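Participant: Take a look and give me a structure for this.
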Amino acid sequence: MKEPVTIDEILQRLDDIIEETISDNSYLGIFAYVYRRTTAQVKTAIENKRFKDNPRMEKFDVAFARFYIDAYHNYKNGLPVSQSWKTAFDAGKEKIAIVQHLLLGMNAHINLDLGLTAAKMAPGDQIESIHHDFLEINLVLKSLIDEMQKRLGKVSPFMFLLDWAGMRTDELLSNFSMIKARDQAWELAEKIAKLETDAEKQVRIDQADRNIALFGNLIKNPPGKVLKFIMKIIGSVEEKNVKTIIDKLSG
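Facilitator: Reported below is the predicted structural model:
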């Protein structure tokens, strides 16, 4: 199959993944849907000349998306994937809360793939040239997360329990994706871009991948009895049909 080189081609590949996950009733469709929405928003931002270098940002977004698309198909075909993505994909059939499935995808794609994409697009001293647009893309991501957190209640009626326990939903999503993950992704990009050999880069990538996978396991199995119990309750009353979940998140 021809590799996608435009955002429109990426969107079609994401539509194919969403259709497949709906057919399988796989929770992997939740992240696929949200990521498809994100990619469409990035396309609009590029068309509106929101970035300093808009042609480069289309190439950036395509390269970024291909990390996810390749990981998805490799996993489905029994081929190796990063530990971070394996942690997320292995949870596709597990009965955990919808927000956990979403965060697992974000953990792998933002914490690992985003930094790798930046380092690939702007190696060496060029890395600083992409910093402004890197931060701008994160603002696009944040706008979608803000929208999604408002819609989660449609498919997850007990999400309010996080607020009750002092763990606000917006903080859980926004702080994870836009503060810690953004900073970590940029730090990873800087370190990899400035390493000279492929062997050095691979050692750093593998180290980051292990740490991000460990964090993914914490998302899947929250520490502490209270949070673990709350997430179990939240998941137990949620909508279970993936097509219905996506339809409600769309509305």
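Participant: Let me see the ranges of the helices in the stretch 151-251 of the chain.
Facilitator: Secondary structure of the stretch 151-251 of the chain (DSSP state H, counting those that start in this stretch): helices located at 160-164, 169-175, 181-194, 198-220, 225-236, 242-250.
Participant: what's the pLDDT at H109?
Facilitator: Looking at H109, its pLDDT reads 92.
Participant: Ignoring the adjacent residues along the chain, who's closest to it?
Facilitator: Y68 (5.4 Å; Cβ to Cβ, 6 or more residues apart in numbering). Placement of C-beta: from N, CA and C, glycine included.
Participant: surely the one you found meets L114?
Facilitator: No: Y68 lies out of contact with L114 (Cβ atoms under 8 Å); the separation is 10.5 Å.
Participant: And those two? Which one has more around it.
Facilitator: More crowded of Y68 and L114, by other Cβ atoms under 10 Å: L114, with 26 against 23.
Participant: Surely the more buried one and A63 touch.
Facilitator: No: applying Cβ under 8 Å as the test, L114 and A63 come out as separate, 10.4 Å apart.
Participant: what do the two both touch?
Facilitator: Counting by Cβ atoms under 8 Å, 6 or more residues apart in numbering, no residue touches both L114 and A63.
Participant: Centre-most residue in the protein?
Facilitator: For the chain, M106 is the residue whose C-alpha lies nearest the centre (Cα atoms, centre = their mean; 2.6 Å).
Participant: just to revisit the earlier point, pick the most deeply packed of the helices of the stretch 151-251 of the chain.
Facilitator: Most buried of the helices of the stretch 151-251 of the chain by mean neighbour count (mean count of other Cβ atoms under 10 Å) is helix 181-194; its value is a mean of 19.
Participant: distance between that one and the chain's centre?
Facilitator: 16 Å (Cα atoms, centre = their mean, to the nearest Å).
Participant: can you list contacts of that helix?
Facilitator: Contacts for helix 181-194 (Cβ under 8 Å, 6+ apart): 106-107, 110-112, 114-119, 122-127, 131, 134-135, 138, 201, 204-205, 208.
Participant: CA atoms of it as PDB?
Facilitator: Only the C-alpha atoms of helix 181-194 are listed here, as PDB (Å, rounded to 0.1, in the frame of the first residue of the first chain):
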ATOM      1  CA  ALA A 181       3.700  15.400  27.900                       C
ATOM      2  CA  ARG A 182       4.500  18.500  25.800                       C
ATOM      3  CA  ASP A 183       7.600  19.300  27.900                       C
ATOM      4  CA  GLN A 184       8.800  15.700  27.800                       C
ATOM      5  CA  ALA A 185       8.300  15.400  24.100                       C
ATOM      6  CA  TRP A 186      10.300  18.600  23.400                       C
ATOM      7  CA  GLU A 187      13.000  17.500  25.800                       C
ATOM      8  CA  LEU A 188      13.200  14.200  24.000                       C
ATOM      9  CA  ALA A 189      13.300  15.900  20.600                       C
ATOM     10  CA  GLU A 190      16.200  18.200  21.700                       C
ATOM     11  CA  LYS A 191      18.200  15.300  23.100                       C
ATOM     12  CA  ILE A 192      17.800  13.000  20.100                       C
ATOM     13  CA  ALA A 193      18.300  15.800  17.500                       C
ATOM     14  CA  LYS A 194      21.700  16.700  19.000                       C
END
